[in-house]
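Novice: please find the sequence and the predicted model below.
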Amino acid sequence: MYSSSYILQQVINGLNLGSIYALVAIGLTIVYGILRLINFAHGDVMMLGAYLALALLLHQFVPLALVILIPMIVIGALGILIERVAYRPLRGAPEVAMLITSLAVSSIIQNGVTMTITAQPRSFRLPTEWVQRHTVAGVSFSTLDVLTVSLALLLMLLLTLFVTRTRVGIAMRACSENLNAARLMGIPIGQVVAAAFAIGSALAAIAGFFWAGKFGTVDPFMGFLPGLKAFVAAVIGGIGSIPGAVLGGYLLGFSEIFFVGFLPPSFSGYRDAFVFILLLVVLLVRPQGLLRTTSEERD
Amino acid sequence: MWNRARLLAFFPLLLGVVLIAVAQGTLNDYYQRVLAVVAIHIILTVSLNLTNGFTGDFSLGHAAFMAIGAYVSAVLTLPVASKEMLMSDLPTWLGQMQVPFPVATILGGILAAAVALLIGVPVLRLRGHYLAVATLGLMVIVRVAANNWVRFTRGAKGINGLPAFTNLWWAYGWMAITLYVIWRLVHSPYGRAMIAIREDELAAASRGVRVFRIRQLAFAVGAYFAGIAGALWAHLITAITPNSFSFLITFNVVVMLVVGGMGSITGSVVGAVLMTLAPEFLRRIETSVSVGGHPLYGLSQVTISIAVMLVMIFRREGLLGGRELTWPRWLRRWAFGGEEVEGPVPAQQSGS
C-alpha cells in the first residue's frame, strides 16, 4: 500500500503539472471560442516565453519578478502581432485554412529559434533558493512549485474577474457565445480577438517559465507536446469554456502524475500515449467535454 | 485491345521506364536519392489526399502509418545474422525469418491499414478539428510505442544497418501503383461517395451512402500507402528511429497537399514534386551561407512555412484547386473520340 505522504506527494505533483496545463489551455480555449482556430503555434509561444526568461536569467541583476513579468508583456504583445500577420488575413476563411496556417506559424517559430539560437538544448538554471527542496511531513516541494501553483491560481482568479467585470472581458464571452450576433451588436471583434491573443500568449509565457524551471532545460521544440496536451485538456473540459480549460488542465495533470506514480514503473514510458487515449475516451463518452451542457456543432 | 486511350496511358509509362533506366545509370547517389524521395513524397501526398482532400476528414496522423510500415518492413527484411546481434529479444520465429523486400513492404502497408481500421472506429466518429488532434495524438501514441516496445523496435536506439533495397525502380513502381489505385478509387462509386460526404454528409447519408464505412475505407487505403511509403523510406535511408517519423513529416506532406490543391490527384503530384525539390535547393544555402558565424539551419523549413502562409492568404485552393491536370484537348479528342471523360467534382472551399 502507498503511504499517505506518498499519495500527498503525488497530489502536489499533479497540482503543479495541472497548473501549467491549465495556463496553456486557457489561451487555446479563448482563441478557439472566438475564432474556431486550433492554434498549433501556442506551444511554441510558450517556448518563446521560456527562452526570453532564460535570456533575462543570464543577467543576474534582473530580479525574478521581472524575469516573470517581462516575458508576459513581450510575449503577450507578440501574440497580437502573430494574430495580425498570420490569422487576420484569413478572417472568414475555412477552418482548415486557419489550422494549416497555425501549423506554418509553429514551424516558423521553431525554425526561427533554431536559426538564431541553434537547436541545442540549454540548461535553464534558476537561483538555488527557488529550486531547493523543502520537506514538510514527508512531502517535498520547492519554492518554485509553490510559486507555480499560487501564481497560476492568482492569474486564473484575475482572469475570472476580467471576463466577468470588464467591458472587454464581457465582450470576449459574447464573441465566444456567438460571433456574428456579437458583431451585430457593435462589438469591435478585432480588439476582442487581439485581447484574447494577448492574454493567451502572456499566460503561455509564464507557463513556459514554470515548465522550463521544472525540467531545467529549454529547446526550440519543447512546446510541441505541452501545447498538444493543453489542447487535450481544453477539449476534456469543454473547449471554449475557461473554467473547462482549468478543470481539464488539472484533471490531465493529476491523471498523468497518478498514471506514473501508482502504476508499475514499466508503464511510465507510456504516459504521453495515456494522455491521448484519455482524450479518445472522453470524446467518445462526452464529446462536448465535461463543462459544456449544449452539444455544439462538432465541425 | 490496344485502342487509342490505352496508348495514351501506355506512352508515359514507357517514357517513365526509359527515364528511370537512364537516371539509374547516369546520376550519382545524391540525385538518385532525391528522386526516390520525390516518389515517396508523391505516394504520401496522394494517399493523404484520399482523406484530407476527397473525404474531407482532416487527418494529421500520416507519419504514424508511415512509421508502422517502416518498422514492420525493417524487422522483416533485416538479415538473420544482424537480428541475432541487434535484436536478440525477438521471438524465435521472427528472429529466424527474413522475407523478400516486396513482401515486407506489402505487409508493412497491410499492418498500417489494419491499425487504421482499428483506430478508425473511435477516431472517425470525430469531425473537423477534433479529428485533426486525435490523429495527431495517434502519432504520439505510435512514437511512444516505438520508444517503449524495445523487444521489437530497439527503443530510442532505432534499427540501423537495413539493406538498401529502395532504388528508383521500387520507388517509382510503387508510385505508379499508388496513383493507379487511388485514381481508380476516386473515379469509382466509392470515390463519388467520398466526395458526397465531403460536400454534405447528411445529404450523402440520406441518399444511402454508408458514411462511416466510406470514411473508414478512405482512411485505411490512405494508411496502406503511407505504410508502403514508410517501408520504402526505411530501406532508402537504411536506419530508423522513433524520431524519424516526427510531426515534421506530416506537416510537410500536408504542405505538399495544400500547395498542390486538395481534391486533385495531379495537384498532389505537382505539390509533392515542387515542395521536395525547392527545399533541396534551399538546403544548400542553409549550410553555405552563415550569419554571425553559424549556418542557417532551418532556413528551408521557414521558407516552406512562409510559402504555405502565402498560399493560404492568396490562393487558398492551391495551385490546381480541385481540377486535374489532363492531356491537352486535341490529344484527348484523338484518344477518346471527342467524348469528354468526366472527372470528380472539384473541391468547393466552403466558408465556416
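Specialist: That came in fine, so what should we check first?
Novice: and the stretch 101-250 of chain A, which residues reach chain B?
Specialist: Residues of the stretch 101-250 of chain A lying near chain B by CB under 8 Å from any CB of the partner chain: A:101, A:103-105, A:107-108, A:110-112, A:114-115, A:118-119, A:224-225, A:228, A:231-232, A:235. Every C-beta, even on glycine, is put in place using the N, C-alpha and C of the backbone.
Novice: taking the residues you listed one by one, which sit in helices?
Specialist: Among these, the subset assigned to helices under DSSP state H consists of A:101, A:103-105, A:107-108, A:110-112, A:114-115, A:224-225, A:228, A:231-232, A:235.
Novice: list only those of those flagged as buried.
Specialist: Those of these that meet the buried threshold are A:101, A:103-105, A:107-108, A:110-112, A:114-115, A:224, A:228, A:231-232, A:235, by 16 or more other CB atoms under 10 Å in any protein chain shown.
Novice: show me which pair in those residues is furthest apart.
Specialist: Of all pairs drawn from these, the one with the longest distance (CB to CB) is A:115 and A:235, at 32.8 Å.
Novice: which residue does the stretch 101-250 of chain A bring closest to chain B?
Specialist: Per CB to the nearest CB, the residue of the stretch 101-250 of chain A with the smallest distance to chain B is residue A:111, at 3.4 Å.
Novice: and the residue nearest to that residue when sequence neighbours are not counted, what is it in contact with?
Specialist: With CB to CB, 6 or more residues apart in numbering or on different chains as the measure, residue B:298 is the residue that lies nearest to residue A:111, at 3.4 Å, once sequence neighbours are left out. With contacts defined as CB atoms under 8 Å, 6 or more residues apart in numbering or on different chains, residue B:298 is in contact with A:110, A:111, A:112, A:114, A:115, A:119, B:286.
Novice: adding pLDDT and distance to residue B:96, write these out as a markdown table.
Specialist: A markdown table is the format used below for the contacts of residue B:298 (pLDDT from 0 to 100; distance: CB to CB, whole Å):
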| residue | pLDDT | distance to residue B:96 |
| --- | --- | --- |
| A:110 | 92 | 44 |
| A:111 | 90 | 45 |
| A:112 | 90 | 50 |
| A:114 | 87 | 44 |
| A:115 | 84 | 48 |
| A:119 | 81 | 41 |
| B:286 | 69 | 45 |
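Novice: okay, these in CSV with distance to residue A:40 next?
Specialist: Rendered in CSV, the data for these read as follows (distance: CB to CB, whole Å):
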residue, distance to residue A:40
A:110, 11
A:111, 14
A:112, 15
A:114, 17
A:115, 20
A:119, 19
B:286, 24
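Novice: can you tell me the element residue B:39 falls in?
Specialist: Under the criterion of DSSP states H and E, residue B:39 resides in helix B:29-49.
Novice: residue A:134 now?
Specialist: Take DSSP H and E as the rule and residue A:134 turns out to sit in strand A:133-136.
Novice: what's the following helix or strand after that strand?
Specialist: Using DSSP H and E, the first helix or strand after strand A:133-136 is strand A:139-142.
Novice: could you point out which element follows that next one?
Specialist: Using DSSP H and E, the helix or strand that follows strand A:139-142 in sequence is helix A:143-165.
Novice: show me what that next one is packed against.
Specialist: In terms of contacts (3 or more CB pairs under 8 Å, 6 or more residues apart in numbering or on different chains; DSSP states H and E), helix A:143-165 is packed against helix A:4-35, helix A:128-131, helix A:167-177, helix A:189-215, helix A:242-262.
Novice: the nearest residue to residue B:41 once chain neighbours are set aside: neighbouring residues, count only.
Specialist: If the residues on either side of it in the chain are set aside, residue B:41 comes closest to residue B:272, at 4.3 Å by CB to CB, 6+ apart. Residue neighbour count, defined by other CB atoms under 10 Å in any protein chain shown, stands at 28 for residue B:272.
Novice: thought residue B:24 was touching residue B:169?
Specialist: Yes: the pair residue B:24 and residue B:169 passes the contact test of CB atoms under 8 Å, sitting 7.3 Å apart.
Novice: skipping adjacent residues, who's closest to residue 191 in space?
Specialist: If you meant another chain, say so; for now it's chain A. Counting by CB to CB, 6+ apart, residue A:168 is the residue found nearest to residue A:191 once chain neighbours are left out, at 7.2 Å.
Novice: wait, chain B was what I had in mind.
Specialist: With CB to CB, 6+ apart as the criterion, residue B:191 has its nearest non-adjacent residue at 5.5 Å, and that residue is residue B:185.
Novice: residues contacting the one you found?
Specialist: Residue B:185 makes contacts with B:50, B:191, B:221, as judged by CB under 8 Å, 6+ apart.
Novice: among those residues, who's most crowded?
Specialist: residue B:50 (28 neighbours).
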